[in-house]
Structure formats: C-alpha cells, structure tokens
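In: Coordinates for the following, if possible.
(one chain, ligands or ions: 2)
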Amino acid sequence: MKVLGIESTAHTLGIGIVDEDEVLANQKDMFEPEEGGIHPRKAAEHHYQHALELLNNAEQEADIEIKEVDGIAYSQGPGIPQCLDIGAVIARSLSIKHDIPMIGVNHCLAHISIGTRTTEAENPTTLYVSGGNTQILDFRKGRYRIVGETQDVALGNALDKLARTLGYPHPGGPEIEKLAEKTDDIIELSYPIKGMDLSYSGLVTEVQRKVGDFEDELLANSFQEHAYAVAVEALERAMAQEGSDEALLTGGVAMNSRLREMVEKMCEQRGAKAYVPPPEFCMDNGVMIAHQGMLELKAGRKTSMENSGKMPNWRPDEIEVIWQ
Ligand code: AMP
Ligand code: MG
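Out: Ligands and ions are numbered 1, 2, ... in the order given. So this is what the prediction gives:
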C-alpha cells in the first residue's frame with residue numbers, strides 16, 4: 001500500500017509518500033515571514049503557491065505517479081484555519097481527480113505515530129512540543145488522553161515570541177538555544193505549572209520586561225531552564241501516574257538539545273527510556289501524515305467529502321484509536 005500525505009497546519013507545506021516499509025518521498029517548503037510571526041493568509045498563500053511544485057517533486061522522488069497511490073491523507077487539524085483549508089483542497093482535488101480515498105488525520109496523533117515508528121518506543125508517554133501545541137499524552141483505553149497541556153501559548157510559540165523581542169527572525173527556538181548555550185547562569189523567574197498544566201504566556205512577558213536590564217544570553221538561558229523544567233516535571237508526573245517507563249519527546253522543540261538532555265536525565269533517574277525521532281520527523285512533515293493515513297486506511301477509516309472540512313481545534317483525545 002502507498003499513501004500520499006499532505007501537511008499544511010502552519011508554516012510548513014509538506015508532501016510525503018510512504019509504503020509499508022519505507023519513505024518514498026519527503027518534500028517540504030517552509031513559509032518564512034519577512035517580519036513578525038506566521039501571518040495566516042500569507043502562510044496559506046505560500047502553501048497554495050508551492051503545492052504543485054512539491055507534488056511534482058514528490059512524484060519524481062518516489063518515481064511513481066500520484067494516481068498510483070492507495071490513499072490521500074492530509075492534516076485535517078488542529079492548526080491555522082487558512083492553512084488547513086489549502087491541505088484539504090489539495091486532498092479533495094487529488095481524491096476526485098484520481099478516485100482515491102481521502103483520510104483526514106489528526107496532526108498531533110501523526111507526530112506520535114511517526115515517533116513510535118522511527119524509534120524503539122512501544123507505548124510511551126509523549127511530550128509533544130511544537131509551534132502550536134504543547135501536550136503530554138498517554139494511551140489509555142483506546143484513546144490518547146491529554147494528561148497535561150499548556151493553558152495558553154505553545155512552548156515553540158513562546159520561544160518564537162521571545163526571540164522576536166530580541167530581534168531574531170522566525171523560527172526563534174534555534175536562536176534562543178544558541179544564545180542560551182553561551183552561559184550557565186540563570187536568573188529566577190516564575191515557575192508556571194498548575195497541576196498538570198503549563199502556562200507560558202506570562203513567562204514570556206516576564207522575560208520581555210527584563211530585556212535591556214540583563215544580557216540576552218542570560219535571559220535566553222533562564223527562559224529555557226524554567227520553560228523546559230515545567231514541561232519535564234509534568235511529563236515525569238504523568239509517567240509516574242501511568243507507571244510508564246518510556247518517554248517520547250517530539251514536535252519542533254524536540255530539536256532542542258537542552259530539552260532533550262533534561263528529558264533524558266529525568267528518564268535515567270527513573271530507570272525509564274527517552275526516545276526522540278530523527279530531526280526530519282520531529283518538525284512538521286508530510287511523511288508522518290502519509291504514515292498516519294496508511295495506519296487508518298488499513299484499519300478501515302476513510303473521510304467522506306462532506307466530512308473533509310478543516311478542524312482547527314481538533315483535539316487528539318476525540319479520536320478513537322482503531323489502528324493499534
Ligand atoms: P513544529 O510546529 O513542530 O514544526 O515546530 C516548530 C517550532 O519548533 C518553532 O516554534 C521553532 O521555534 C521550534 N524549534 C525548532 N528548533 C528548535 C530548537 N533547536 N530549540 C527550540 N525550539 C525549536
Ligand atoms: Mg507539529
């Protein structure tokens with residue numbers, strides 16, 4: 001079985017093609033704002049403009065024609081509505097043109113599935129940290145339960161905001177990481193964890209107000225230490241509650257070496273194992289959508305035309321997991 005996957009939830013338009021054994025194509029293009037964050041309409045325009053080119057490249061890379069695939073999967077949500085529309089339109093067009101079934105998949109679950117597929121994790125507690133999402137998830141009784149999450153902005157978004165204040169372009173996470181590596185010192189900030197939930201918006205404001213009073217690297221390092229510590233604390237508590245001995249760290253912020261180190265250290269102390277997918281599958285990509293689509297198609301799920309619309313606020317715990 002071959003499945004094509006379309007990722008378009010935010011900054012990245014990704015087209016992936018997979019079969020059971022391997023990745024046949026992994027094409028992507030990222031919207032890079034000239035200023036500010038991700039402008040929904042401009043990001044959607046970017047996806048629209050690059051769609052044909054990426055589809056053609058994917059066909060060439062995989063050495064097949066799109067009409068040969070068995071399913072067209074796309075990120076149905078959650079994400080930026082204008083961007084989701086583009087993915088859904090591409091999926092519908094290809095589905096109608098070639099008479100191939102569509103599978104609208106949940107972006108968060110796709111991150112987890114590709115994470116367990118590309119690592120040795122079997123049933124991990126997941127810390128999913130990206131530009132738009134920050135969630136801790138556990139698989140229990142047929143569903144991925146969200147056991148902790150941010151109450152406001154996502155961790156990646158918080159890093160991007162802080163970086164922007166410091167004068168760096170989007171995406172800001174890697175810039176904050178580079179700055180933070182220049183010092184081991186930290187200043188004390190709020191520690192924003194409430195039960196199992198996190199909150200990053202106030203922490204960003206707190207650090208933004210200190211810009212100019214302290215060195216940028218000290219602020220970056222302090223932000224990282226506090227922001228990552230709360231996420232890892234919630235992850236550890238979720239693992240303790242669940243009796244889990246595997247952690248999966250994924251999403252774009254999983255690229256961060258300090259966060260990885262903190263998750264690894266926590267797992268080591270608990271006698272658990274920490275897993276992180278390869279970088280190209282931590283960031284948004286079409287392959288994970290194709291892979292998720294294949295799992296669901298094999299389990300018998302298809303998306304009808306009337307149910308194919310975007311679901312910007314689709315939570316992963318709304319989905320009954322029929323594929324494992
Ligand atoms: P995603 O939405 O999963 O594609 O992830 C994008 C987010 O990951 C953006 O907010 C980036 O700033 C963030 N990110 C990427 N690389 C790093 C890094 N090395 N450290 C921290 N955040 C990062
Ligand atoms: Mg993502």
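
In: Okay, helices next: where are they in the chain?
Out: In the chain, the segments counted as helices under DSSP state H are 40-62, 81-98, 107-118, 155-165, 173-180, 201-208, 216-242, 257-270, 279-282, 286-298.

In: Run through who's touching the fourth one.
Out: Helix 155-165 is contacted by residues 36-37, 129-132, 134, 153, 169-173, 175-176, 198, 200-201, 203-204, 207-208, 211, 219-220, 223, 227, 231, 251-253 when judged by C-beta atoms under 8 Å, 6 or more residues apart in numbering. Placement of C-beta: from N, CA and C, glycine included.

In: can that helix be found next to ligand 2?
Out: No: among the residues of helix 155-165, none lie within reach of ligand 2 under C-beta under 5 Å from the ion; the closest is 8.5 Å away.

In: Can you check what angle separates that helix from helix 216-242?
Out: Computed by axes from the mean of the first three to the mean of the last three C-alpha atoms, to 10 degrees, the angle separating helix 155-165 from helix 216-242 equals 170 degrees.

In: For the closest residue to ligand 2 within the stretch 201-324 of the chain, list the residues it contacts.
Out: Across the stretch 201-324 of the chain, no residue is closer to ligand 2 than Asp284, which sits at 4.5 Å (C-beta to the ion). Contact partners of Asp284, counting by C-beta under 8 Å, 6+ apart, are Glu7, Thr9, Ala10, His11, Thr12, Gly14, Lys28, His107, Ser130, Gly252.

In: Could you identify which of the helices of the chain is most buried?
Out: helix 286-298 (a mean of 28; mean count of other C-beta atoms under 10 Å).

In: Would you check how far apart Glu233 and ligand 1 are?
Out: Distance, Glu233 to ligand 1, by C-beta to the nearest ligand atom, to the nearest Å: 18 Å.

In: tell me, how many neighbours does Glu122 end up with?
Out: Using other C-beta atoms under 10 Å, Glu122 has 11 neighbouring residues.

In: so what's it up against?
Out: Thr116, Glu246.

In: Next, work out how far apart it and Leu248 are.
Out: According to C-beta to C-beta, to the nearest Å, Glu122 and Leu248 sit 10 Å apart.

In: per-domain residue ranges of this protein.
Out: Per the record, the chain has its domains at 3-110+281-318, 122-276, by automatic domain parsing.

In: Kindly present those as JSON lines, with separate columns for mean pLDDT.
Out: As requested, the domains of the chain are exported to JSON lines (pLDDT from 0 to 100):
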{"stretch": "domain 3-110+281-318", "mean pLDDT": "97"}
{"stretch": "domain 122-276", "mean pLDDT": "97"}
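
In: For ligand 2, what's the nearest residue on this protein?
Out: Ser130 (3.8 Å).

In: Surely that residue and Asn256 touch.
Out: No: here Ser130 lies out of contact with Asn256, judged by C-beta atoms under 8 Å, at a distance of 11.5 Å.

In: and this structure, which residues reach ligand 1?
Out: Neighbours of ligand 1 within the chain, by C-beta under 6 Å from any ligand atom: 10, 12, 130-132, 156-157, 159-160, 171-174, 177, 251-253, 255-256, 283-284.

In: what do you get if the cut-off is 8 Å, keeping everything else the same?
Out: Listed as neighbours of ligand 1 in the chain under the rule C-beta under 8 Å from any ligand atom: 9-12, 111, 129-133, 154-157, 159-160, 163, 170-174, 176-177, 251-253, 255-257, 259, 282-284.

In: What residues are bridge-paired with the closest residue to Glu53 other than its chain neighbours?
Out: Residue nearest to Glu53 in three dimensions, not counting chain neighbours: Asp29, with 7.9 Å by C-beta to C-beta, 6 or more residues apart in numbering. Note on Asp29: beta-bridge partners by DSSP bridges are Leu13.

In: so who does Asp29 touch?
Out: Thr12, Leu13, His46, His50, Glu53, Leu54.

In: Looking at those residues, spot the one nearest ligand 1.
Out: Within the contacts of Asp29, the smallest distance to ligand 1 is 6.0 Å, found for Thr12 (C-beta to the nearest ligand atom).
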